[in-house]
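*Asks:* Next comes the sequence, and after it the predicted model I'd like to discuss.
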Amino acid sequence: MVDAQMIAEKVRHLSPPRQQEVLDFVDFLSMRDAPPPLRSLEGLWQGFDVTPETLDEARLELWACFPREDIG
């Protein structure tokens, strides 16, 4: 297993620009392994006119293509 001291010793022998590259790469790996941040759903429908009537219309449109012989 690789430990932090072994990594630090190898990095210490690199030039400062290369040390910065190592640091940037470690930051990249940390971000890649982190779970994505949760986004708020507040305002998701902002700008859309969602009313009970528009929902009913959408339902009718969706169910119009449903094969009726499969029901009951």
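*Replies:* Thanks, I have the structure now.

*Asks:* Every contact and neighbour count from this point should use C-alpha atoms.
*Replies:* Noted.

*Asks:* Just the helices from the chain, written as ranges.
*Replies:* Along the chain, counting by DSSP state H, helices occupy 4-12, 16-33, 52-63.

*Asks:* would a markdown table of those with mean pLDDT and mean neighbour count be doable?
*Replies:* Listed next are those as a markdown table, based on pLDDT from 0 to 100; neighbours: other Cα atoms under 10 Å:
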| stretch | mean pLDDT | mean neighbour count |
| --- | --- | --- |
| helix 4-12 | 93 | 11 |
| helix 16-33 | 93 | 12 |
| helix 52-63 | 90 | 11 |
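
*Asks:* Generate CSV for these, with distance to L44 as supplementary columns.
*Replies:* Below are those laid out as CSV (distance: least, Cα to Cα, whole Å):
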stretch, distance to L44
helix 4-12, 44
helix 16-33, 26
helix 52-63, 16
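
*Asks:* which stretch among those helices comes nearest E42?
*Replies:* Smallest distance to E42 across the helices of the chain (Cα to Cα): 19.5 Å, for helix 52-63.

*Asks:* what are the phi and psi values for the residue nearest the centre of the chain?
*Replies:* In the chain, the residue lying closest to the centroid (Cα atoms, centre = their mean) is P36, at 4.8 Å. When read as degrees, to the nearest 10, the backbone of P36 gives phi -70, psi 150.

*Asks:* re earlier: for L41, which of the helices of the chain is the nearest?
*Replies:* Minimum separation from L41 across the helices of the chain (Cα to Cα) falls at helix 52-63, 19.3 Å.

*Asks:* same for that closest one, what does it pack against?
*Replies:* Helices and strands touching helix 52-63, as assessed by 3 or more Cα pairs under 8 Å, 6 or more residues apart in numbering; DSSP states H and E, are absent.

*Asks:* Just the CA atoms of that helix, as CSV, please.
*Replies:* Presented in CSV, the C-alpha positions along helix 52-63 are these (Å, rounded to 0.1, in the frame of the first residue of the first chain):
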residue,chain,number,x,y,z
PRO,A,52,-54.8,21.5,-13.8
GLU,A,53,-56.3,22.0,-17.3
THR,A,54,-53.0,21.7,-19.1
LEU,A,55,-52.2,18.5,-17.1
ASP,A,56,-55.6,17.1,-18.0
GLU,A,57,-55.0,17.9,-21.7
ALA,A,58,-51.5,16.2,-21.6
ARG,A,59,-53.0,13.1,-19.9
LEU,A,60,-55.7,12.9,-22.6
GLU,A,61,-53.1,13.2,-25.3
LEU,A,62,-50.9,10.6,-23.8
TRP,A,63,-53.7,8.1,-23.2
